[in-house]
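Q: Sequence unavailable; structure follows:
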């Protein structure tokens, strides 16, 4: 991606979609040093179906030894183009330039300088129609085959890595891996864009994330091209106002996109978890993984948290003998590659977690499998425990020494591990959910999805009358939770559909000290730190592919699983749960009427009375130390 005339484009996308920033590069390196050490060449590698993929290769000038190949495949451009135009960074971190690797960057089919047709999360084809039938797995295979046969001074071993969409392509490559692919690190890989990554969470549409991204990404000129799509201009920095005034989802096309963005149109045509989305699910294909795999993710990754957790889980289930591990840190999307990892928003983590990862986890992993260098003293799961701010090492994820415990909602805003009596479960709290005045997801003005919303202070939401708040008494001991969080709500609505957002929150004591990251006028005393939040679209409570209406004013069980956490609620803190029916504009508005939301009109949106019954609970995995 080039600068200059695209400055405005870059500004908009960086604040709304950090995946693009990750695609541009990792930490800045010394361009003069790279030029002094490396020679660049560009190739158009022919795939089995005849499509040519544009590939940049950086080879060490020192030919006294052989080097492994480290490759990433991307839809975000391998720019700069031209044999004399060099990237200002190579590999996952500057350590790899020092080590000596052959670096390969490839435009995937249908993007920038590569031929072919681009498909959103191009599905893997388990049953090929013939030897020329191609998908992303075969494109990786064919590229590796060409590289090891053609590039001089390679040692016959290949590694792959990538963050976000490139992490998705890395995952595709390990399905039917080329024998030379010895090590792969899918980092924040998209695993399923309906169940929990990027564009949807349990059927709820991630509105600003999807719209801000695809309104530019989806308008790239026909390939081959070095150009980006034209920038979308919102006309305001206020995303809450922009998306509220846009109205129903159908107005995205009516007012702005005008049917010109094919991928957006596909999303609008496939609201349910149908074959379109099911074919894109990557974890289902992790059945014969042979390369060593280090899956990486961030506990506060606003874009792709579901993917790394479920891809790792599937690899473990289907390939018990495979060398597979997972690293989870206190990071935003790609934060391990382009930040120190010591803070996110107002919350500090006590150390430069990203530096530790890059030097002591990522580099040793690739050196060991691609160079036979060093000892790989890494655990199965290397995970950061937020709250206590400590790295933990486990031989299994989630840890084996956990016990399922439920936090129950009861009257008067109480939350505790004691279940209410049968008579108490008839009690309920209620609120009015108004689509014309949805609950904001952040307490600031921003046009997109802020990376730091996932540990933001929730006090602004707790004061609204359409948000229910429950909390424990002050904790008398540390409570450490590790693993997924399961939600079981007993609810009713006066409408025929509704969203339910559950937020698990760490409430700091009033005397909590401020950190250096706190902005003027803000304080950590009483801070309500979001630990995990996730929506559920109620019409999908029984089936993700066959939605069902809610029966008005009828108590109904709505259950779902929130992504894993690894967090300690410290002594003198409180555990809080907030429940609401909108989270705007992060999540598109539910009309609260059973309709196809992607075709809804203004008249479909209506207020609804929401009730949450005592006995509703969330089940956590408590670490027994």
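A: Received it, and whenever you're ready, just let me know what you need. Being a predicted model, the structure only gives us computed values, none of them experimental. Numbering: from 1, shown residues only.

Q: how about low-confidence regions in the stretch 451-600 of the chain?
A: For the stretch 451-600 of the chain, the stretches with pLDDT under 70 are 517-519, 521.

Q: which residue ranges form the helices in it?
A: Taking DSSP state H, counting those that start in this stretch, the helices of the stretch 451-600 of the chain run over residues 459-462.

Q: swap in the stretch 151-300 of the chain?
A: For the stretch 151-300 of the chain, the helices defined by DSSP H, counting those that start in this stretch cover 165-173, 207-217, 239-246, 250-251, 262-269, 275-278.

Q: Would you mind giving these as a markdown table with mean pLDDT, distance to residue 436 and mean neighbour count added?
A: For every residue, glycine as well, the C-beta is placed using N, CA and C. Listed next are the helices of the stretch 151-300 of the chain as a markdown table, based on pLDDT from 0 to 100; distance: least, C-beta to C-beta, whole Å; neighbours: other C-beta atoms under 10 Å:
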| stretch | mean pLDDT | distance to residue 436 | mean neighbour count |
| --- | --- | --- | --- |
| helix 165-173 | 98 | 35 | 29 |
| helix 207-217 | 97 | 16 | 23 |
| helix 239-246 | 98 | 8 | 19 |
| helix 250-251 | 98 | 15 | 16 |
| helix 262-269 | 98 | 22 | 17 |
| helix 275-278 | 98 | 30 | 16 |
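
Q: can you redo those as CSV with distance to residue 95?
A: Formatted as CSV, these follow (distance: least, C-beta to C-beta, whole Å):
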stretch, distance to residue 95
helix 165-173, 19
helix 207-217, 30
helix 239-246, 37
helix 250-251, 48
helix 262-269, 36
helix 275-278, 38
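
Q: ok, residue 602 - how many residues close by?
A: Using other C-beta atoms under 10 Å, residue 602 is surrounded by 12 other residues.

Q: Can you report phi and psi for it?
A: Backbone geometry at residue 602, expressed as degrees, to the nearest 10, gives phi -60, psi -40.

Q: any idea how far residue 442 is from it?
A: Residue 602 sits 25 Å away from residue 442, going by C-beta to C-beta, to the nearest Å.

Q: and what of residue 426?
A: For residue 426, the distance to residue 442 equals 36 Å [C-beta to C-beta].

Q: Show me which of those two is the more surrounded one.
A: Ranked by neighbour count (other C-beta under 10 Å), residue 426 and residue 442 place residue 442 first, with 20 against 12.

Q: Quick check: the more buried one is in a strand.
A: No - using DSSP: H, G, I helix; E, B strand; the rest coil, the secondary structure at residue 442 is coil, not a strand.

Q: Can you pull the phi and psi angles for it?
A: Residue 442 adopts backbone torsions of phi -140, psi 160, taken as degrees, to the nearest 10.

Q: Report the contact partners of it.
A: 450, 453, 456 (C-beta atoms under 8 Å, 6 or more residues apart in numbering).

Q: ok, the closest residue to residue 398 other than its chain neighbours to residue 621 distance?
A: Closest residue in space to residue 398, ignoring its immediate chain neighbours: residue 483 at 3.3 Å, by C-beta to C-beta, 6 or more residues apart in numbering. Distance of residue 483 to residue 621, computed by C-beta to C-beta: 4 Å.

Q: got any residues that touch both of those two?
A: Joint contacts of residue 483 and residue 621 (C-beta under 8 Å, 6+ apart) are 398-399, 402.

Q: Now, these that are in strands?
A: residue 402 (DSSP state E).

Q: ok, back up a step: run through the bridge partners of the residue nearest to residue 398.
A: Beta bridges link residue 483 to residue 565 when assigned by DSSP bridges.

Q: Check the gap between the closest residue to residue 93 other than its chain neighbours and residue 430 for me.
A: Excluding the flanking residues, the one nearest residue 93 by C-beta to C-beta, 6+ apart is residue 358, at 4.4 Å. Going from residue 358 to residue 430 by C-beta to C-beta gives 50 Å.

Q: what does residue 368 give?
A: 57 Å.

Q: Settle it for me: which of those two has more neighbours?
A: Relative neighbour count places residue 368 above the other of residue 368 and residue 430, with 19 against 15, counting by other C-beta under 10 Å.

Q: Spell out which residues sit in contact with the more buried one, please.
A: By C-beta under 8 Å, 6+ apart, the contact set of residue 368 is 183, 374-376.

Q: Show me where the stretch 101-250 of the chain dips below the pLDDT cut-off.
A: Filtered on pLDDT under 70, the stretch 101-250 of the chain yields no residues whatsoever.
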